[in-house]
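# Provided below are the primary sequence and the corresponding predicted coordinates.
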Amino acid sequence: MEKKKIKIGLVPKLIIAIIVGILFGQFLPEGFCRFVVTLSGFFSTFLKFVIPLMILAYVTMGIADLSQGAGKLLLITVALAYGSTLIAGSASYLVYFRRSSLIMEEALVRVVDLCKVYNPGENEVRALDHVNLEIHKGEFVAIIGQSGSGKSTFMNMLGCLDVPTSGKYYLNGTDVSTMKDNDLSVVRNKEIGFIFQGFNLIANLTAIENVELPLIYRGIDRKTRRKLAVESLKKVGLEKRMDHKPNEMSGGQQQRVAIARAIAAKPPVILADEPTGNLDSASSREIMEILKGMHRSGETLILITHDNGIAAQAKRVVRIMDGKIESDMINEEFVEEA
């Protein structure tokens, strides 16, 4: 006796598929779910692109059976109608593809509703007030603000030197906003290269030894860290000053050593805090040219400054005032030099 096969209708199948999809979405990693949603979007857009072609094919077959004169007229009408549909569909597909690529590329720095409050209560000072910002890989961003604007507090947050009162800070995909000091120290050493206004070089160490110092903390072996230090000093034009100590170099040369130290381990983010603040105009130009060259080579740079002239040399300028982002603009005059 044959067993009867149980047939499930289309609607029940759809309901089961939706339920299974919800269950998978609850337990699978967020990245995987995003990937599946993106593929679904691609497929949906692809169908919108292909279906007009299918319709056109069927309509053309029908036209072939019509009388010659009427058939030609109808064919022209249909071709114009569906031709415009295909062009619009193609444009939509290309725009969607570009937009989806940007969505899938997670921001290197993402700040969500960030607040920093000192002395909570009646006399509280709100240094940062619900700040939101995203910075992607390869960007050159200047954050500008005058004294008391919240610029320095924001720099401390971005550099993992302090934690927010509330809000979230994601650095390279990791939530660092609630980390303890020891964990933040590890993140700083791994993810951020610092360039300070005061250089912060060790006086009794040579240029190459100063550059090697953070590499030692990373546990990099002697041969490898020497190679990385030499490479980074060459990038800033100090291959002939490697064995000189800070007091044997000019301010501009000391800052170049600091830049070499910041880039030696190839961290994802370079954070430069007033890098030209202690330099004369000629040295400032040299340092800015080095920073722009780093941007051209694909480095992600965040420049903290109070100087409009320095900020104007970045590709994107974020202005902060009273603890809030006042403006976030692309510098139209920025030139991508070869």
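Sure, I can see it.

# From here on, just use CA atoms for contacts and neighbour counts.
Fine.

# Who are the contact partners of residue 131?
Residues counted as contacts of residue 131 (C-alpha atoms under 8 Å, 6 or more residues apart in numbering) are 111, 112, 113, 114, 115, 323, 324, 325.

# repeat that for 7 Å
By C-alpha atoms under 7 Å, 6 or more residues apart in numbering, residue 131 lies in contact with 111, 112, 113, 114, 115, 324, 325.

# Would you confirm that the fourth one belongs to a strand?
If I follow you right, that is residue 114. Yes: counting by DSSP: H, G, I helix; E, B strand; the rest coil, residue 114 is part of a strand.

# burial of residue 240, as a residue count?
Residue 240 is flanked by 9 other residues according to other C-alpha atoms under 10 Å.

# hmm, I was thinking of residue 216
Neighbours of residue 216 using other C-alpha under 10 Å come to 13.

# what about the residue nearest to it when sequence neighbours are not counted, helix or strand, and which?
Of all residues not flanking residue 216 in the chain, residue 225 sits nearest, at 7.6 Å (C-alpha to C-alpha, 6 or more residues apart in numbering). Element membership for residue 225, per DSSP states H and E: helix 222-235.

# Measure how the helix or strand following that helix sits relative to helix 222-235, angle-wise.
Per DSSP H and E, helix 222-235 leads on to helix 251-263 as the next helix or strand towards the C-terminus. Here the directions of helix 251-263 and helix 222-235 differ by 130 degrees (axes from the mean of the first three to the mean of the last three C-alpha atoms, to 10 degrees).

# by contact count, what packs against whichever helix or strand comes after helix 251-263?
Sequence order places strand 269-273 as the next helix or strand after helix 251-263, per DSSP H and E. Here strand 269-273 touches strand 192-195, strand 301-305, going by 3 or more C-alpha pairs under 7 Å, 6 or more residues apart in numbering; DSSP states H and E.

# And the strands in the chain?
For the chain, applying DSSP state E gives strands covering 109-118, 125-135, 140-144, 166-171, 174-175, 192-195, 269-273, 301-305, 316-321, 324-330.

# Residues in contact with the third one: which ones?
Same thing as strand 140-144. Strand 140-144 is touched from outside by 151, 295, 300-306, 311, 314-320, with contacts defined as C-alpha under 7 Å, 6+ apart.

# Direction included, what does that strand pair against?
strand 301-305 (parallel), strand 316-321 (parallel) (DSSP bridges).

# Just name the most buried of those.
strand 301-305 (a mean of 24; mean count of other C-alpha atoms under 10 Å).

# Next, work out how far apart the nearest residue to residue 119 once chain neighbours are set aside and residue 165 are.
With sequence-adjacent residues excluded and distances taken as C-alpha to C-alpha, 6+ apart, residue 119 is closest to residue 125, at 6.4 Å. Residue 125 sits 12 Å away from residue 165, going by C-alpha to C-alpha, to the nearest Å.

# Quickly list what's touching both of those two.
Contacts common to residue 125 and residue 165, judged by C-alpha under 7 Å, 6+ apart, are residue 117.

# re earlier: want to try CSV for the strands paired with strand 140-144, with mean pLDDT as columns?
Formatted as CSV, the strands paired with strand 140-144 follow (pLDDT from 0 to 100):
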stretch, mean pLDDT
strand 301-305, 95
strand 316-321, 96
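
# still on that earlier bit, among the strands of the chain, which comes closest to residue 237?
With C-alpha to C-alpha as the measure, strand 192-195 is the member of these nearest residue 237 (16.6 Å).

# pLDDT on that closest one, on average?
Strand 192-195 carries an average pLDDT of 92.

# got the CA positions of it in PDB?
Only the C-alpha atoms of strand 192-195 are listed here, as PDB (Å, rounded to 0.1, in the frame of the first residue of the first chain):
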ATOM      1  CA  ILE A 192      46.100  53.500  17.500                       C
ATOM      2  CA  GLY A 193      49.300  55.400  16.500                       C
ATOM      3  CA  PHE A 194      49.600  58.600  18.500                       C
ATOM      4  CA  ILE A 195      51.300  61.800  17.300                       C
END
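
# Contact partners for residue 247?
Contacts of residue 247 (C-alpha under 7 Å, 6+ apart): none.

# same thing but 10 Å
Contacts for residue 247 (C-alpha atoms under 10 Å, 6 or more residues apart in numbering) come out as 203, 204, 206, 254.

# Can I get those in JSON lines including pLDDT, neighbour count and distance to residue 280?
Shown next, in JSON lines, are the contacts of residue 247 (pLDDT from 0 to 100; neighbours: other C-alpha atoms under 10 Å; distance: C-alpha to C-alpha, whole Å):
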{"residue": "203", "pLDDT": "93", "neighbour count": "12", "distance to residue 280": "21"}
{"residue": "204", "pLDDT": "94", "neighbour count": "12", "distance to residue 280": "25"}
{"residue": "206", "pLDDT": "95", "neighbour count": "20", "distance to residue 280": "23"}
{"residue": "254", "pLDDT": "94", "neighbour count": "21", "distance to residue 280": "13"}
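
# Fine, thanks again, bye for now.
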